[in-house]
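1. give me a 3D structure for the following:
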Amino acid sequence: MLNWFIKPAATLVVISFMLAGCHFVPLTPGGEKARVLSAAEVQQCKKMGDTTASVKGDILGLKRQESVVSAELERLARNNAAGMGGDTVVPASDIIQGTQLFHIYKCVPG
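-> Residues are numbered from 1 along each chain as shown. Predicted coordinates for the structure are as follows:
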C-alpha cells in the first residue's frame, strides 16, 4: 500500500544527493587564469579589492558537501577577480551559510 509513496520518495532522495555533489558554477575564460593563493604568497602583489561570493549551502533542505561549496565559492571569486583586473584570490573569511569573503590581487605583471 505504501509502495506508491516509497518509490517517488526514494527517487527524490537519490536526485537530491546527486545534486548536492554537483558543481553549478562554471569558470569564465578570465577566471580560468586566476588562481587561489594564501595570504603569505601575495605579499609582493598589488591588492585590487575584495569580493564576496555566495552559493546555496543546501538543496531541498539537504546540506551540500563543504568541499563542493568551497570549490564553487573559489570559482566565483576567480571569475570576479578577472572582472576586476586581478589574477589571484585569497580566502579572507570562513564560509558562513554559503558565503565567503575573498581579497583580490594582481600578481602577474602585464
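2. could you report the pLDDT at the closest residue to Leu27 other than its chain neighbours?
-> Leaving aside its chain neighbours, Leu27 sits nearest to Arg75 (5.3 Å; criterion: Cβ to Cβ, 6 or more residues apart in numbering). For glycine as for every other residue, the C-beta is placed from the backbone atoms N, C-alpha and C. pLDDT recorded at Arg75 is 97.
3. distance of Arg75 from Val108?
-> 19 Å (Cβ to Cβ, to the nearest Å).
4. just Leu27 next, same as before
-> 17 Å.
5. more neighbours: which of the two?
-> Leu27 (15 against 12; other Cβ atoms under 10 Å).
6. after the least confident helix or strand in the chain by mean pLDDT comes which helix or strand?
-> Among the helices and strands of the chain, helix 3-20 carries the lowest confidence by mean pLDDT, DSSP states H and E, at a mean of 50. Using DSSP states H and E, the helix or strand that follows helix 3-20 towards the C-terminus is helix 29-33.
7. contacts made by that next one with the rest, please.
-> Contacting residues not belonging to helix 29-33 are listed as Arg75, Arg78, Asn79, Ala81, Ala82, Gly83, Asp87 [Cβ atoms under 8 Å, 6 or more residues apart in numbering].
8. want to throw those into TSV with secondary structure and neighbour count?
-> Formatted as TSV, the contacts of helix 29-33 follow (DSSP: H, G, I helix; E, B strand; the rest coil; neighbours: other Cβ atoms under 10 Å):
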residue	secondary structure	neighbour count
Arg75	helix	23
Arg78	helix	28
Asn79	helix	21
Ala81	helix	28
Ala82	helix	20
Gly83	helix	14
Asp87	coil	21
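9. could the residues you listed go into JSON lines alongside distance to His103?
-> Below are the contacts of helix 29-33 laid out as JSON lines (distance: Cβ to Cβ, whole Å):
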{"residue": "Arg75", "distance to His103": "16"}
{"residue": "Arg78", "distance to His103": "13"}
{"residue": "Asn79", "distance to His103": "15"}
{"residue": "Ala81", "distance to His103": "9"}
{"residue": "Ala82", "distance to His103": "15"}
{"residue": "Gly83", "distance to His103": "15"}
{"residue": "Asp87", "distance to His103": "13"}
